[in-house]
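[1] Okay, sequence plus prediction incoming.
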Amino acid sequence: MDAPPHIVRSTAVSDFHPRPGQQIESYDLAQPLDTDYYAVFADLSPDDRAAWDRARTFSTEIQPEIADWWDRGEYNLAFARRMGELDLFTDGIQHEGLTSLSPLAAGLVNMEISRGDGSMGTILAVQGGLALRTLALFGSDEQKARYLVPIARGEVLGSFALTEPDHGSDSVSLETRARREADGSWVLDGAKKWIGNGASGGVTFVWARVDSPGADDDGAVRCFLVPQETPGYDGRPILGKASLRAIHQALITLTDVRLPASAVLPGATSFKDASVVLYSTRSGVAWSALGHATACYEAALQYSQQRVQFGKPLAKFQMVQERLAQMLEELTAMQLYCRHMADLETAGSLRPTQASLAKYHNTRAARRIATVARDLLGGNGILLEYGVMQHMADIEAIHTYEGTESVQALLIGRDITGMSAFA
């Protein structure tokens, strides 16, 4: 889509001629440099490398368009389906019928997609890490036979509805109700917020509290598979976002949503089951932060090499080299966190609070790297075409979701002290 005439896009055009005061039309900052100063990813298996390459294919394909979609705040569903075609949604989920990705491969895919764009990284997390994982872990044979492969391929978009307008960090207190009828069917009433793909026309995995006085499971948290065309389901995109603008996250209202008995996921019987899914995706947020930070660092490095001020490239200034070294220091630490976390998960010994520490460290570090990179690009740093400002805004969202910084700190603090500080 062409920009309106009053908006300046510095995309190179064939008729550009240098003028006094403008010798360079634009800077090429989008080339992936595969920064790996400590050779953290030098020993990848062919399968892991192939998964990363598929993700790189997608990130490259979307670059000509993604800034405009983000700018307009619109969701291109074709992008989500393309990730499915490239088999990028399985997120380390082990299940018959799905391509097996190692924890390292799943992390690298997450990193690479987020390096390309944060909204696409969130689609990956929602479709694969949340929706597909919920179905694979807790769904019935019939539910999986119908939806598992279509969700993995992006043919059906899936969402995970846990957070409510009144319950974010305290999602354990969710109030959406599921009433069991005499014939075994269910009726859902409640509201959910910030639900990625919740207005996409696909299916939503809705977590609700059983409201059946006298029943053995009264008060328990269950999960329900809800086709979004079901009467009483109303999902509407949340407008006015300054982050993750190229994916629609929905406010969902559930009003007397009637479901058959077969809609409940038999394996999900408590909030602990929802936590299992969240623990798995928490490590994905650490990888996503690494992708954002990589994009910011590499853009800053390339800009410093191309941008000339006071008669020489910025990269020749001592202060600029110090800033680049600071960013590389933090980026390398993020890579080490992610690689060791993947190794622990492969060995079956990753603990939830270890994933929390990686998320806690990496989103904080990504924020710092983005801030320095934005500053290093000067005025150009606020232009979407150079990516840094877009990543900077998107990092704010991943810093919050899957558990805020404060919640992660309390989880880690409880683990190391043996004392809970939760209210």
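    Here it is on my side, so go on.

[2] okay, now residue 220: neighbour count?
    16 (other C-beta atoms under 10 Å). Glycine gets a C-beta too; all of them are placed from N, C-alpha and C.

[3] Confirm for me that it is in contact with residue 210.
    Yes - in this structure, residue 220 is within contact of residue 210 by C-beta atoms under 8 Å, at 5.0 Å.

[4] any idea how far residue 130 is from the residue most central in space within the chain?
    For the chain, the residue nearest the mean C-alpha position is residue 122 (2.8 Å; C-alpha atoms, centre = their mean). Going from residue 122 to residue 130 by C-beta to C-beta, to the nearest Å gives 10 Å.

[5] same question, residue 165
    Distance from residue 165 to residue 130, by C-beta to C-beta: 19 Å.

[6] Comparing these two, which residue is more hemmed in?
    Using other C-beta under 10 Å as the criterion, residue 165 and residue 130 rank with residue 130 on top: 27 against 14.

[7] what distance separates stretch 47-66 from the centre of its chain?
    15 Å (C-alpha atoms, centre = their mean, to the nearest Å).

[8] hmm, I was thinking of stretch 218-231
    23 Å.

[9] All the helices of the stretch 1-150 of the chain, residue numbers only.
    All helices of the stretch 1-150 of the chain, identified by DSSP state H, counting those that start in this stretch, fall at 46-72, 77-85, 103-116, 118-124, 133-138, 141-152.

[10] out of everything not next to it in sequence, what's closest to residue 117?
    Nearest residue to residue 117 in three dimensions, chain neighbours excluded: residue 66, at 4.7 Å (C-beta to C-beta, 6 or more residues apart in numbering).

[11] Now do the same contact list for the one you found.
    79, 116, 117, 119, 120, 246 (C-beta atoms under 8 Å, 6 or more residues apart in numbering).

[12] And residue 396, by the same measure?
    Residues in contact with residue 396 (C-beta under 8 Å, 6+ apart) are 242, 243, 367.

[13] shouldn't residue 279 be in contact with residue 352?
    Yes - judged on C-beta under 8 Å, residue 279 makes contact with residue 352 at a distance of 4.3 Å.

[14] Residue 332 is in what secondary structure piece?
    helix 318-346 (DSSP states H and E).

[15] Next, the angle helix 103-116 makes with that helix.
    Between helix 318-346 and helix 103-116, the angle comes out at 140 degrees (axes from the mean of the first three to the mean of the last three C-alpha atoms, to 10 degrees).

[16] got the buried residues for helix 318-346?
    320, 323-324, 327-328, 330-331, 334-335, 337-339, 341-342, 344-345 (16 or more other C-beta atoms under 10 Å).

[17] and if you look at stretch 201-211?
    202, 203, 204, 205, 206, 207, 208, 209, 210, 211.

[18] what's the most distant pair in those?
    Across the buried residues of stretch 201-211, the longest distance by C-beta to C-beta is 26.2 Å; it joins 202 and 211.

[19] can you point me to the longest helix in the protein?
    Secondary structure of the chain read by DSSP state H shows that its longest helix is helix 271-306.
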